[in-house]
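Peer 1: Fold the stuff below for me.
(chains A, B and C)
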Amino acid sequence: MIIDCHWHVYFDHYEKNIEKSINDLKRCHIDKCALMFYQGLYQKDEDLQLQGQALREVMKVHKDHFVPFLVIDPNVDFGIIKEGVEEYLLKGPAVAVKIHHSMKVDRKKFEPVADLLSLHGIPVLIHCWYKTVQEYENESDPSNIANLAAKFPDLNIIMAHITGCGYRGLQDVAKYPNVYVDTSGSQPEDGFFQYGLDLLGAKRILFGSDFPGRDPATQLGRIYSVDMCEDDRKLILGGNAVRLLGGVSHG
Amino acid sequence: MQSFAEKLKIFKNNKVVNWHEHVWTDAKGNLNIPEADLLVESAKKAGMDVLVCSLPVTRGNPEPGICRKYNDYVYEAMQRYPGIIQGMCYVNPGYAKEACLEIERCVKELGFIGVKLYNQYFISDPAVHSVIEKCIELDIPILEHAGRDNSLPVSQPFISDGTHFAKAAEKYPEALFIYAHIGGGGDYHWSLKAIADYPNVFLDISGSIYDEDLIEETVRKMGVERVMFGTDGSFSSSMGKLLGCKLSEAEKIAILNNKHMERYLERGMKK
Amino acid sequence: MIIDLCGYLGHWPFRKINNNDAQSFVKVMDEYKINMSVVSSLNAVFYKDTMQGNEEITQDIKPYSDRLVAFSVINPAYPAWEKDFATCIEKLGMKGVMMFPYYHPYRLTEANAVKLANLAGEAGVPVHIPVSIINVRQRHWMDTNDVLNTGDFISLIKNAPNTDFIVSNGATNAIASAAKDVDSKRKGKVYYDIQRVEVFNPAFDSLMKAAGPEQIVFGTGNPLQYLDTQFVKLQYMNVTDEQKDMITYKNAAKLLKLN
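Peer 2: This is a model prediction of the structure:
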C-alpha cells in the first residue's frame, strides 16, 4: 500500500478540491493520502471546529482515500485546541496533527500542545526546514524538532521535508528515535534520501509529496530512485504510515 | 618609561601557554614538518612554553578517516616536541558515532587534552550534542572556531558566534567551551555581549585583529579568569594586543597562563 | 627614530575609540617614542564635503606641528575637488593625499582618480591608500564592505607614473608582489607598511623580496589599533640595523621631504 503522508487540501470549496485530490491519487497510483485542510497559516477560533466537521463529512464518503489530520495553529487559545483534539482526534476521525510554520515548536507556548498529544499518543507532522534565505517568521528548523523530541520522548514527531532539512537536519534528529522524517517537498535533489536511509533507517522515513506544492508523481519517483530491499521500500511507501498513524484509538 | 625590550620580557619571565595554534599538512598531505619546526622555533624565540595545537579541516565536510589522519599528524608533532606541543583532536560532529570514538582514542590513547571543532556546524546545533556530551564525560574542553563575520559574501555559513555559544552553554552548563580567537576577525562586541554571562564559556585572544581596547573590553565582559592566551598564526598581533592593553601586569600574566586551564595541560603532560 | 605614516584623528562612527584628539594622540606617541606621525581626518572620510575635515585637522594639529603632519582626504567624485587639493597642499601645508575609494563613490581606474594621483605627483606629495581602515569582517552593518582593489591600484600607479604611493593595513606583501613589475618601471615608488604582515612567518620575507627595505615603511593605525603589535615586529624582524632605520624613519623622511 502507498500512503502519501503529506497532502494539503485548500479548505475553501473543499468539496471540489477533494474530488481533484482523488483524481490525482488515482493518476499516481497512490492508495491513500493524508488529508490536511489548509485554512491559512494562522487560524481563527472557529476554524478548528469547521475543519473537524469537514473531516467528518469527507470521511463519511471517502474514507478509502484519506488519512485525516487535524491541522492546528498553536497560537489559538489552548482551551479551543484541547476541545478540538478531544472531539476530532480522540473521537475521530483524525489520527494525527499537522503544524504549519505558525510557531517554532520548541517554544514554551507549544508545550501544552505537545503534552496533550504525547499523553494521547497522537503523532504530529511538523513543517520543518533549514533555510539560508527567505525563512518564514515562525518556521521550525530541525534544531527546534530535536529540542522538542528531547523534551517529549513519548511524542512521535514526523519532521517534514527531508531535503529542506538536509544532512545537518537529519544529523540533528538522528539520536531521537521518536523523530521520523517525510520525504515531501523541495526539489528531489539526489543524496538526501539515501543519507536519511543510511542514518535513520527505513523505519523512520515516510513517503510524502507536499501536494499541491509538488507533483506526487515526481515525489514518488524519489522513493524508487534509491537502492534498498523491497521490504524497506514498502515500509517507506506506506508501512511506516500504517504503523504510526493507525495507533490513535477513537472513542 | 619602560623600553619595549623590557616590556617584552613578560613573555620570557613567565610561563606562557598558547592555547590556539595549529600544525598543517604539506603539499603531499603529510604533516608539514618544516612549518611545525618554524612554529616551535618562533614560539621559543618569543618566550612561549606550550603550544596547544590541532589540525582542523577548514573547508568542507570531512569524513572520519580524514579527521583521524589529521589527529595522527598532531600526535606526530607532539612526539617530535614532547612537552611543547599538546594536542586537541579535531572531529566532524556530523559523524556522531565516529567522532565520539575518535575523541576517546585521542584522549585515552594519545594524550590529547581537548577537542577542536571548526565551521562545519554551529556549536549549538543538536548534531553536535553527542560530541559535547562525550567531552563532558571525559572532562575536556571544546575549542570551537568562532567569529561574527559581517563581510559579504558569506564565506562560512556555519561559523559560530557568541549567540551560538550562549545557546550551547545554557544547554550544557557542565561543558567548558572555548570561543576561539576573539581577535580572529568579526564583530567581537556582538560575541562578547552574548557570552559574557555564561561562566562555562572561555575565550582565547588569538587572531590577526588587534583593535585598541579589544582586550580591555574582553576583560570587562568576561573577567580575566575566562581569558587565555593564543596566537593562531598571528604571533605579533596576539603578543602586541596583550602588551598594549591597559591591564595590570598580574592580569596579563594570568592570561598568559590561565590557571583554570592548567589541569587539562597537566593531564596531557602525564601521557 | 620613528615616523609613523598611518595615524588618524577624529571620530570613528562605529565604535568608541580613545586618544583620537591631537593632545592625547601625541601623549601616546611619547609613550612609544614615536617622533613624528602622519595623521588624517577620520571625520573627513565620512563628511560629504571632506574639506570640512581637512580644515578641522589643520587647526587641531597646529600646537603640535613639530610632531604631527597632516595628509588631506580628497574625494575626486565631489565637486571642486581640484580646488580642495590645491588649498590643502598649497595653503594648508598638508603633506600628502589620502584616497578612500571604498568609502567614496569612485574607482581608482576613473579619470578623476587618475588626475588626482597625477596632481599629487606633480606637487611632489605622496598618495596614501589604506587597504581598509578597519578589517571588514567586523564592519558595522552601515560600514563599507569593500577594501582596496589590487587590480585597480596597479592600474592607478601605472597611470600616475611619477607619483609616490603608500599602501597600508592590508596584505601588503601580496600587493607588493602583484605590483612589482609595474612599479619597477615607474619613476614614483609604492611604499608598504606592515600593519597586517607577520614577521614570525614568511610573510615579511616575501614583502622584503617584493619591495625591498627601501620601500617598507612604519605605520600603526593609531589610535584604532594597539601600537605594540608593530613594535613586536620591529623587535623580531630579521633585518640589519640599517634596514630597520629605513623602515622606521628614513623612507618616511624621504617621502615627506624632511631634512
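
Peer 1: Report the buried residues of the helix or strand of chain A with the lowest mean pLDDT.
Peer 2: Ranked by mean pLDDT, DSSP states H and E, the weakest helix or strand in chain A is helix A:216-224, scoring a mean of 92. Residues of helix A:216-224 classed as buried: A:Pro216, A:Gln219, A:Leu220, A:Arg222, A:Ile223 (neighbour count, 16 or more other CB atoms under 10 Å in any protein chain shown). In short, each C-beta sits where N, CA and C put it, glycine included.

Peer 1: show me where the stretch 101-250 of chain A has strands.
Peer 2: A:124-126, A:157-159, A:179-182, A:205-206 (DSSP state E, counting those that start in this stretch).

Peer 1: Quick check: which of these is buried the most?
Peer 2: Most buried of those, by mean neighbour count (mean count of other CB atoms under 10 Å in any protein chain shown): strand A:157-159, with a mean of 29.

Peer 1: If you count contacts, what does that one end up packed against?
Peer 2: strand A:124-126, helix A:142-151, helix A:162-173, strand A:179-182 (3 or more CB pairs under 8 Å, 6 or more residues apart in numbering or on different chains; DSSP states H and E).

Peer 1: Make a markdown table from those and add mean pLDDT to it.
Peer 2: Shown next, in a markdown table, are the helices and strands packed on strand A:157-159 (pLDDT from 0 to 100):
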| stretch | mean pLDDT |
| --- | --- |
| strand A:124-126 | 98 |
| helix A:142-151 | 98 |
| helix A:162-173 | 96 |
| strand A:179-182 | 98 |
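
Peer 1: just to revisit the earlier point, mind giving me CSV with the strands of the stretch 101-250 of chain A and columns for distance to C:Leu116?
Peer 2: Below are those laid out as CSV (distance: least, CB to CB, whole Å):
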stretch, distance to C:Leu116
strand A:124-126, 60
strand A:157-159, 60
strand A:179-182, 61
strand A:205-206, 65
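
Peer 1: Check for me that B:Tyr198 belongs to a helix.
Peer 2: No: with DSSP: H, G, I helix; E, B strand; the rest coil as the criterion, B:Tyr198 is assigned coil and is not in a helix.

Peer 1: Can you tell me how far it is from A:Cys28?
Peer 2: 52 Å (CB to CB, to the nearest Å).

Peer 1: How about B:Ile136?
Peer 2: 49 Å.

Peer 1: More neighbours: which of those two?
Peer 2: Neighbour count, other CB atoms under 10 Å in any protein chain shown: between B:Ile136 and A:Cys28, A:Cys28 has more, with 18 against 15.

Peer 1: residues touching the residue nearest to that one when sequence neighbours are not counted, list them.
Peer 2: Excluding its sequence neighbours, the residue lying closest to A:Cys28 (CB to CB, 6 or more residues apart in numbering or on different chains) is A:Pro216, at 4.6 Å. Applying CB atoms under 8 Å, 6 or more residues apart in numbering or on different chains to A:Pro216 gives the contacts A:Asp4, A:Trp7, A:Asp24, A:Leu25, A:Cys28, A:Ile30, A:Cys33, A:Ser209.

Peer 1: repeat that for 6 Å
Peer 2: A:Asp4, A:Cys28, A:Ser209 (CB atoms under 6 Å, 6 or more residues apart in numbering or on different chains).

Peer 1: ditto for A:Val105
Peer 2: Taking CB under 6 Å, 6+ apart, one finds A:Ile126, A:Ser140, A:Asn144, A:Leu148 in contact with A:Val105.

Peer 1: Chain B versus the second one, what's the distance?
Peer 2: Counting by CB to the nearest CB, to the nearest Å, the gap between A:Ser140 and chain B amounts to 13 Å.

Peer 1: In the stretch 51-200 of chain A, where is pLDDT below threshold?
Peer 2: For the stretch 51-200 of chain A, no stretch has pLDDT under 70.

Peer 1: again, only this time at 90
Peer 2: The stretch 51-200 of chain A contains residues with pLDDT under 90 at A:132-135, A:185-190.

Peer 1: go on, the stretch 151-271 of chain B?
Peer 2: In the stretch 151-271 of chain B, residues with pLDDT under 90: B:266-271.

Peer 1: count of residues packed around whatever residue of chain C ends up closest to chain B?
Peer 2: Residue nearest to chain B within chain C: C:Thr229 (2.8 Å; CB to the nearest CB). C:Thr229 has 28 neighbours, counted by other CB under 10 Å.

Peer 1: check which helix or strand covers the nearest residue to it once chain neighbours are set aside.
Peer 2: Leaving aside its chain neighbours, C:Thr229 sits nearest to B:Gly240 (2.8 Å; criterion: CB to CB, 6+ apart). Using DSSP states H and E, B:Gly240 sits in helix B:235-244.

Peer 1: Go ahead and name everything in contact with the following helix or strand past that helix.
Peer 2: On the C-terminal side of helix B:235-244, the closest following helix or strand by DSSP H and E is helix B:249-256. Residues from elsewhere that reach helix B:249-256 (CB under 6 Å, 6+ apart): B:Asn14, B:Val16, B:Val224, B:Val227, B:Phe229, B:Leu242.

Peer 1: Can you verify the residue of chain C closest to chain B is assigned to a strand?
Peer 2: No: going by three-state DSSP, the assignment for C:Thr229 is helix, not a strand.

Peer 1: Flag every residue of chain A that's near chain B.
Peer 2: With the criterion set to CB under 6 Å from any CB of the partner chain, chain A comes near chain B through A:Ser143, A:Ala146, A:Arg168, A:Gln171, A:Asp172.

Peer 1: Quick check: of those residues, which lies closest to chain C?
Peer 2: A:Arg168 (23.7 Å).

Peer 1: Out of the helices and strands packed on strand A:157-159, which is closest to C:Val136?
Peer 2: helix A:162-173 (27.4 Å; CB to CB).

Peer 1: what's the neighbour count on the residue of the stretch 1-150 of chain B found nearest chain C?
Peer 2: Nearest residue of the stretch 1-150 of chain B to chain C: B:Ser42, at 4.4 Å (CB to the nearest CB). For B:Ser42, the count of nearby residues is 19 (other CB under 10 Å).

Peer 1: number of nearby residues for A:Pro38?
Peer 2: Let me fix one detail, which is that residue A:38 is Tyr and not Pro. 17.

Peer 1: Model confidence for B:Ser3, exactly?
Peer 2: With respect to pLDDT, B:Ser3 scores 89.

Peer 1: same deal with B:Arg68?
Peer 2: Confidence score, pLDDT, at B:Arg68: 98.

Peer 1: which stretch of helix or strand covers it?
Peer 2: helix B:64-80.

Peer 1: in that helix, what's buried?
Peer 2: Residues of helix B:64-80 classed as buried: B:64, B:66-68, B:70-78 (neighbour count, 16+ other CB under 10 Å).

Peer 1: Please apply the same query to stretch C:54-61.
Peer 2: Buried residues in stretch C:54-61 (16+ other CB under 10 Å): C:Asn54, C:Glu55, C:Glu56, C:Ile57, C:Thr58, C:Asp60, C:Ile61.

Peer 1: Stretch C:151-163 now?
Peer 2: Result for stretch C:151-163 [16+ other CB under 10 Å]: buried residues C:Phe153, C:Ile154, C:Ser155, C:Leu156, C:Ile157, C:Asn159, C:Ala160, C:Thr163.

Peer 1: Stretch A:70-90 too?
Peer 2: Of the residues in stretch A:70-90, A:70-74, A:76, A:80-81, A:84-85, A:87-89 count as buried by neighbour count, 16+ other CB under 10 Å.

Peer 1: Quick check: A:Ser186 vs chain C, distance?
Peer 2: Counting by CB to the nearest CB, the gap from A:Ser186 to chain C is 31 Å.

Peer 1: What is the burial count for the closest residue to that residue other than its chain neighbours?
Peer 2: Leaving aside its sequence neighbours, A:Ser186 sits nearest to A:Thr163 (CB to CB, 6+ apart; 3.8 Å). The number of residues packed near A:Thr163 is 20, by other CB under 10 Å.

Peer 1: Perfect, I'm done here.
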